[in-house]
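> Make a model of this:
(4 chains)
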There are 2 protein chains.
Amino acid sequence: MSDHTILLKQSNLKATFQRINILENVEIHGHISIDEIYKQIIKTHPSLSLATVYKNIILMVEKGLLIEVPIAGEKSKYELKKENHIHLICTKCTKVEDKPHTKEIDELFKDMSQVESFELSKQQINLYGVCAKCR
Amino acid sequence: MSDHTILLKQSNLKATFQRINILENVEIHGHISIDEIYKQIIKTHPSLSLATVYKNIILMVEKGLLIEVPIAGEKSKYELKKENHIHLICTKCTKVEDKPHTKEIDELFKDMSQVESFELSKQQINLYGVCAKCR
DNA sequence: ATCCTTGCAAATGATTTGCAAGAGT
DNA sequence: ACTCTTGCAAATCATTTGCAAGGAT
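Numbering: from 1, shown residues only, chains lettered A, B, ... in the order given. So this is what the prediction gives:
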């Protein structure tokens, strides 16, 4: 039983090939938009419906399997839930790269939230610029 | 001549009342979505068209007067261009509050970009949670 | 066998466009 | 006067919904 199948079962979602394919694509690409996922999957499963992708992304975000990464000037991308990290977003090729989130940054944000009596639940750090390849 | 009029002229945009109203609303609210801007302005200028708001937001973002703040699970909001800062986003009431961006954070991100040969142009830090009022 | 999930097509909602009339400089 | 901007309506694009048929457990 694959990792993705287990993830789905743990969230009370049946392990359909549509769902497994969505998770696989997110894993492979790291960060991917809904219509990119659709375009990828129909290569091998042409009967897939775009509506199915939408419905499942919404479900998986609700269940916490996926995280929405909203990006200025683009459509949101989705990633697997994972440790806090920083997004380097290239404004030329639109690729997103992850960088580890240092302990200091984590502490800073937690302290800042504490001071504001803000009940912190999620951190999203986006750095926009031009990546090494595109320069 | 108002601040907003000057800002517009500096960007080679004619100072129409529609544009001045958009900038005023963004300033007053701090962070506001396109349809909220529209709803605000038609209270006093019912003839305003939503398409005009869209066209102008796009123009003002291109000119750098406004910054798009994309938010997970919501429509983007817009803010006036200003110093780097952190967004505390309340997932209950959807209000966005600004916190100053410390020198350390700035340095950390600049250093990280340097290491990656990433040409950093914009930083966006969103902390999601529940604000003091909503708790 | 049961209940959940899918694909389709239609409905809704958001954003963009073209163009004649109107406003800013 | 000249050019840019507006409002409108239509067009396009994105997302959601309802429902009968199919698939997972």
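> and chain A, which residues reach DNA strand D?
Selection of chain A residues close to DNA strand D by Cβ under 7 Å from any atom of the strand yields A:5, A:9, A:14-17, A:34-35, A:50-51, A:54-55, A:58, A:75. C-betas here are computed from N, CA, C, even on glycine.
> And stretch A:93-102, what's buried?
Burial within stretch A:93-102, assessed by neighbour count using 16 or more other Cβ atoms under 10 Å in any protein chain shown, is assigned to A:94, A:96-97, A:99.
> between these, which is nearest chain B?
When those are ranked by distance to chain B (Cβ to the nearest Cβ), A:K99 comes first, at 6.1 Å.
> what's the pLDDT at that closest one?
Turning to A:K99, the model gives it a pLDDT of 96.
> What segments of chain A are helices?
In order along the chain, chain A carries the following helices (DSSP state H): A:3-10, A:17-29, A:34-44, A:50-63, A:103-115.
> right, so of those helices, which gets closest to chain B?
Checked against Cβ to the nearest Cβ, the stretch from these lying closest is helix A:103-115, at 5.9 Å.
> what's that closest one packed up against?
In this structure, helix A:103-115 packs against strand A:119-130, strand B:85-90, helix B:103-115, strand B:119-130, with contacts taken as 3 or more Cβ pairs under 8 Å, 6 or more residues apart in numbering or on different chains; DSSP states H and E.
> Tell me, how many residues neighbour the nearest residue to A:N21 once chain neighbours are set aside?
Of all residues not flanking A:N21 in the chain, A:I41 sits nearest, at 4.8 Å (Cβ to Cβ, 6 or more residues apart in numbering or on different chains). Residues within reach of A:I41, counting by other Cβ atoms under 10 Å in any protein chain shown, total 20.
> can you pull the contacts of A:I41?
A:18, A:21-22, A:25, A:48, A:53 (Cβ atoms under 8 Å, 6 or more residues apart in numbering or on different chains).
> most neighbours, which of the residues you listed?
Each of these was scored for neighbours by other Cβ under 10 Å, and A:I22 scores highest at 28 neighbours.
> who in chain A is up against chain B?
Residues of chain A that fall close to chain B, judged by Cβ under 8 Å from any Cβ of the partner chain: A:61, A:67-73, A:76, A:86, A:88, A:90-91, A:97, A:99, A:102, A:104-105, A:108-109, A:112-113, A:116-132, A:135.
> Just the buried residues of those.
The neighbour-count test (16+ other Cβ under 10 Å) applied to the residues of chain A next to chain B identifies A:61, A:67-72, A:76, A:86, A:88, A:90-91, A:97, A:99, A:105, A:108-109, A:112-113, A:116, A:118-120, A:123-131 as buried.
> Am I right that A:I34 is in contact with A:K75?
Yes: under the criterion of Cβ atoms under 8 Å, A:I34 lies in contact with A:K75, with a separation of 7.2 Å.
> Quick test: name the residue nearest the centre of chain A.
Centroid-nearest residue in chain A, with Cα atoms, centre = their mean: A:E79, separated by 1.6 Å.
> What's the local residue count around the residue of chain A found nearest DNA strand D?
Shortest chain A-to-DNA strand D distance, computed as Cβ to the nearest atom of the strand: residue-wise this is A:A51, at 3.4 Å. Neighbour count for A:A51, taken as other Cβ under 10 Å: 9.
> What separation do you get for A:Y128 and B:E62?
Going from A:Y128 to B:E62 by Cβ to Cβ, to the nearest Å gives 15 Å.
> likewise A:E24?
Distance of A:E24 to B:E62, given as Cβ to Cβ: 37 Å.
> before we move on, what about A:H85?
A:H85 sits at a distance of 30 Å from B:E62 (criterion: Cβ to Cβ).
> And the two? Which one has more around it.
Between A:H85 and B:E62, A:H85 has the larger neighbour count (other Cβ under 10 Å), namely 14 against 10.
> Just to check, the more buried one is in contact with A:T102?
No: the pair A:H85 / A:T102 is not scored as a contact, 10.0 Å apart, by Cβ under 8 Å.
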